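Q: Quick one, structure for this:
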Amino acid sequence: MSLREWGIDGIFTLTVDNISSNLTTIKFLQRVMKDWNETVLENEFLHTRCCVHILNLNVRKGLKKIDASVAKVREAVSYMKFSPNRNQTFRSFMERLDMESKKLLCLDVPTRWNSTYLMLKTAENFQKVFFRMDFEDDVYSSYFRTKEDSGGLRSPYMSDF
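A: All right, here's what the predicted structure looks like:
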């Protein structure tokens, strides 16, 4: 199916991600549409880069600078969400610390920076709980000690939040 068959006889701009196959397609369209009467400014502005994609790339690049901390927090949240017993232990530490929160820990989808932000923002509210569990909950601390001994992650410290 071609653009002409669809009745499309002019394109002002296309907004796409910055992947090479899209750039190849844009160049192809510029060549094909060069002789069309309906081109605007000879297709000079045919390709518009997707602002959301650019924002996502920038945020992900920024997150790389704190990647180790994000990974530690992600592992701690994942640990808590793994079972109802762990979640109950977490809640009991919250009670002992006189903390109340309607927010629940949420695990992120690493490729979606906004979910990583939500995970970090929520976990930040509970940093005292994580810190306390590291010293008082043998199961939690040994889980991370075993991981760290095998070259993995240690439990998150206050500076990781």
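
Q: show me where this protein has strands.
A: Secondary structure of the chain, counting by DSSP state E: strands at 14-16, 47-49.

Q: Now do the first one: which elements does it pack against?
A: Contacts defined by 3 or more CB pairs under 8 Å, 6 or more residues apart in numbering; DSSP states H and E place strand 14-16 against helix 20-33, strand 47-49. (Glycine included, C-beta is placed from N, CA and C.)

Q: Would you mind putting those into CSV with distance to W6, mean neighbour count and mean pLDDT alongside?
A: Conversion of the helices and strands packed on strand 14-16 to CSV gives the following (distance: least, CB to CB, whole Å; neighbours: other CB atoms under 10 Å; pLDDT from 0 to 100):
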stretch, distance to W6, mean neighbour count, mean pLDDT
helix 20-33, 14, 13, 77
strand 47-49, 20, 14, 69
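
Q: Which among these is found nearest to R145?
A: Within the helices and strands packed on strand 14-16, the stretch nearest R145 is helix 20-33; the backing value is 44.7 Å (CB to CB).

Q: Pull the distance from that closest one to the chain's centre.
A: Taking CA atoms, centre = their mean, to the nearest Å, one finds helix 20-33 lying 30 Å from the centre of the chain it belongs to.

Q: Next: stretch 100-107.
A: Here the centre of stretch 100-107 is set off from its chain's centre by 18 Å, with CA atoms, centre = their mean.

Q: first vs last residue of that stretch, how far apart are they?
A: For stretch 100-107, the first and last residues are 20 Å from each other (CA to CA, to the nearest Å).

Q: Which residues does it contact?
A: Taking CB atoms under 8 Å, 6 or more residues apart in numbering as the criterion, the residues outside stretch 100-107 that touch it are 74, 77-78, 80-81, 90, 94, 115, 118-119, 122-123, 125-126.
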